[in-house]
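In: Here is a sequence with its predicted model. Questions after.
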Amino acid sequence: MRIELAQLPCEDGHPEANLAVALAAIDRARPDSDLIVFPETFLSGFPTPQNVASIAEPLDGAAVSRLAAAARDKRLSIAIGLAEARDGRFFNTTVLLTPEGLALSYRKAHLWASDQGVFSAGDRIECCEWRGLQVGALICYDIEFPESARALATLGAEVLLVTDGNMDPYGPVHRRAIVARAMENQMYAVLVNRCGGGDGHQFPGESVVVDPFGEIVAECGARPEQRVVELDLSVLARARAAYDYRSERRIGLAGSVHQAEGGRRWFAIDGQSD
């Protein structure tokens, strides 16, 4: 399986410019790539309480619709973050778009300091089937909470996609955390972080792919990069051959598993299922 890491800068509060950058990256993708992954809130940049209403859009809005069309035309799946507007509230959301349409939308459950007062927190951890695999998404600060990735493992996730917007001086935190999340749940982890400046911060890049043994498969530096990475899916079975943390753990999580038509599954946080 071939995945592209779109470690690119974006402009806070300029969704039109960011959409153009994303579409150009999609156009550059190799014809045999299966998936391209962008950073957290890539389409919108980080909004503020003052501008979030003007730059957030629903999942059936113009930007996501154009990306969905690009996914169909390119026969390429796309994971990308945006500020989502829904029923008068705003969410830090990552979508997985396939050539067939919207496969997954995940709303960030753990809000970082700059998210608070801008976004509402999501109430579920979601997983879907993609190309014969169970795939889930987390966003930035989520991965500092082991329970988030463990909830995805409970749903059967084999690949974890992390859209990241981690800034200096916290870059090493996520590089350490993502290795642990992959190893302790025996899944592939694909983390794509923002690079460049913005929002008064410097973003270090350092995107990374980690295999189910916790070994680093590929990593980026600090500069903009669109890196192609091959995933050896046979490693999933090898990692779980002698032991399987999912079936052998003795301490469960609070919450409950739900399933919808079409195969989407979610883990309701604190038992919420609406």
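Out: The structure has been received and is ready for your questions. Since the structure is predicted, the reported quantities are computational estimates derived from the model, not experimental observations.
In: mind checking how far the residue lying closest to residue 32 once chain neighbours are set aside is from residue 216?
Out: Take residue 32 and drop its neighbours on the chain: the residue closest to it by CB to CB, 6 or more residues apart in numbering is residue 2, 6.1 Å away. (Glycine included, C-beta is placed from N, CA and C.) Counting by CB to CB, to the nearest Å, the separation of residue 2 from residue 216 is 18 Å.
In: Do I have it right that the residue nearest to residue 32 meets residue 232?
Out: No - the pair residue 2 / residue 232 is not scored as a contact, 11.2 Å apart, by CB atoms under 8 Å.
In: hey, what's the nearest residue to residue 120 once chain neighbours are set aside bridged with?
Out: Distances taken as CB to CB, 6+ apart put residue 89 closest to residue 120, at 4.6 Å, once the chain neighbours are dropped. In this structure, residue 89 bridges to residue 86 when assessed by DSSP bridges.
In: now do residue 198
Out: residue 201.
In: if I read this right, it contacts residue 11, doesn't it?
Out: Yes - under the criterion of CB under 8 Å, residue 198 makes contact with residue 11 at 6.8 Å.
In: Mutual contacts of the two, please.
Out: residue 45 (CB atoms under 8 Å, 6 or more residues apart in numbering).
In: Give me the more crowded residue out of the two.
Out: residue 198 (18 against 15; other CB atoms under 10 Å).
In: Residue 153 contacts residue 248, doesn't it?
Out: No - here residue 153 does not reach residue 248: they are 11.8 Å apart, not a contact under CB under 8 Å.
In: So which of these two has more stuff around it?
Out: residue 153 (24 against 7).
In: which SSE is the more buried one in?
Out: helix 146-154 (DSSP states H and E).
In: so what secondary structure elements neighbour that helix?
Out: Under the contact definition 3 or more CB pairs under 8 Å, 6 or more residues apart in numbering; DSSP states H and E, helix 146-154 sits against strand 124-130, strand 133-139, helix 171-185, helix 245-248, strand 265-268.
In: Which stretch among these is buried most, on average?
Out: The highest average neighbour count among the helices and strands packed on helix 146-154, using mean count of other CB atoms under 10 Å, belongs to strand 133-139 at a mean of 25.
In: Sheet-wise, list the partners of that one with their directions.
Out: strand 124-130 (antiparallel), strand 159-164 (parallel).
In: which regions of the stretch 151-274 of the chain sit below the pLDDT cut-off?
Out: Within the stretch 151-274 of the chain, the stretches with pLDDT under 70 are 262, 271-274.
In: What is the neighbour count of residue 1?
Out: Residue 1 - counted by other CB under 10 Å - has 15 other residues nearby.
In: circling back to that earlier point, quick one: closest of the helices and strands packed on helix 146-154 to residue 224.
Out: In terms of CB to CB, the element of the helices and strands packed on helix 146-154 nearest to residue 224 is helix 171-185, at 15.8 Å.
In: Now do that closest one: distance to the chain's middle.
Out: 14 Å (CA atoms, centre = their mean, to the nearest Å).
In: which helices and strands sit right next to that helix?
Out: Applying 3+ CB pairs under 8 Å, 6+ apart, we find helix 171-185 packed against helix 146-154, strand 159-164, strand 188-193, strand 208-210, helix 245-248.
In: If we use 6 Å, what do you get?
Out: On a contact count with 3 or more CB pairs under 6 Å, 6 or more residues apart in numbering; DSSP states H and E, helix 171-185 meets helix 146-154, strand 188-193, strand 208-210.
In: tell me the contacts of the residue in the chain sticking out farthest from the centre?
Out: Distance from the centre of the chain peaks at residue 242, with 29.0 Å (CA atoms, centre = their mean). With CB atoms under 6 Å, 6 or more residues apart in numbering as the criterion, no residue contacts residue 242.
In: May I have the helix holding residue 153 as CSV, with CA atoms only?
Out: Presented in CSV, the C-alpha positions along helix 146-154 are these (Å, rounded to 0.1, in the frame of the first residue of the first chain):
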residue,chain,number,x,y,z
PRO,A,146,-3.5,6.5,25.2
GLU,A,147,-7.2,5.7,25.6
SER,A,148,-7.9,7.4,22.2
ALA,A,149,-5.8,5.0,20.2
ARG,A,150,-6.9,2.1,22.4
ALA,A,151,-10.5,2.9,21.6
LEU,A,152,-9.7,2.6,17.9
ALA,A,153,-8.0,-0.7,18.6
THR,A,154,-11.1,-1.9,20.4
